[in-house]
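Student: Provide a 3D model corresponding to the input given below.
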Amino acid sequence: MDATQQIRDRYLERTALYTSLGYDRPAAGRWVVDQLEHFEGPVLDVGTGQGLMATELARRGASVVSVDVDAEEQRVGMVNATYEGVAERITFTTADAQHLPFVDGAFGTIATLDALHHLVDGPAVFSELRRVVRPSGRILLAELTAEGFGLVARIHASEGRVHPVGTVTIAATVDWFVLNGFRLVAQKQEHLHAVAIVEKLA
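Tutor: All right, here's what the predicted structure looks like:
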């Protein structure tokens with residue numbers, strides 16, 4: 001078995017484990033993207049991880065730029081996008097979201113899924129997102145609920161690991177954007193996730 005197939009198999013095994021415990025990750029990803037209703041491209045996916053949101057966005061025809069600080073996670077995301085037949089619509093970039101390598105107003109939409117709790121300096125990242133999204137562009141913020149975090153923590157504990165959860169919350173993130181030139185346009189909770197969408201004022 002080649003390395004690419006091994007990566008894909010590990011991802012599918014992990015996904016099946018979550019599903020067996022009541023968390024359907026693919027369904028959650030679809031539901032989160034559904035909340036956008038429509039999106040302007042290109043789309044920046046920040047903290048891509050293993051590519052769940054990037055792949056779903058690309059499946060819907062978006063041109064996606066994926067950013068994650070972890071090159072190995074980006075590799076998994078690329079493998080998954082290839083198996084899903086959408087890799088040609090995604091550009092994978094290894095970069096720190098505190099210093100995004102893009103010009104001002106480069107993106108019509110920005111999305112982030114389950115990445116906020118990993119941020120060390122939330123405001124530094126938020127300032128970059130504000131810079132690279134164009135006026136009237138939207139930012140989709142999605143994070144696990146308390147129940148979701150509990151489920152993920154149990155899985156990690158069963159493997160002898162700890163799921164790190166920092167101090168950045170979705171509520172605090174929304175507050176920052178509203179105080180810095182955005183308006184809140186939607187909030188919803190389902191599939192063990194809380195979602196908020198903010199829009200940059202012209």
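
Student: Now do the contacts for I155.
Tutor: Going by C-beta atoms under 8 Å, 6 or more residues apart in numbering, I155 touches L17, Y18, L21, H163. All C-beta spots, glycine's among them, are computed from the backbone N, C-alpha and C.

Student: Show me which positions of stretch 11-26 end up buried.
Tutor: Y11, T15, Y18, Y23, R25 (16 or more other C-beta atoms under 10 Å).

Student: So the first one is in contact with R75, correct?
Tutor: No: taking contact to mean C-beta atoms under 8 Å, the distance of 11.1 Å between Y11 and R75 leaves them out of contact.

Student: intersection of neighbour lists for those two?
Tutor: Shared contacts of Y11 and R75 (C-beta under 8 Å, 6+ apart): none.

Student: burial count for L113?
Tutor: By other C-beta atoms under 10 Å, 25 other residues sit near L113.

Student: Could I get the pLDDT score of it?
Tutor: pLDDT recorded at L113 is 95.

Student: M1 now?
Tutor: Reported pLDDT for M1: 60.

Student: Which of the residues in the lengthiest strand in the chain are classified as buried?
Tutor: Using DSSP state E to assign secondary structure, the strand with the most residues in the chain is strand 133-144. Using 16+ other C-beta under 10 Å as the test for burial, strand 133-144 gives V133, G137, R138, I139, L140, L141, A142, E143, L144.

Student: Same check on stretch 108-121?
Tutor: Using 16+ other C-beta under 10 Å as the test for burial, stretch 108-121 gives G108, T109, I110, A111, T112, L113, D114, A115, L116, H117, H118, L119.

Student: and of those residues, the nearest to A153?
Tutor: Lowest distance from A153 to the buried residues of stretch 108-121 (C-beta to C-beta) belongs to H117, with 11.4 Å.

Student: Can you report phi and psi for that closest one?
Tutor: phi -70, psi -10 (degrees, to the nearest 10).
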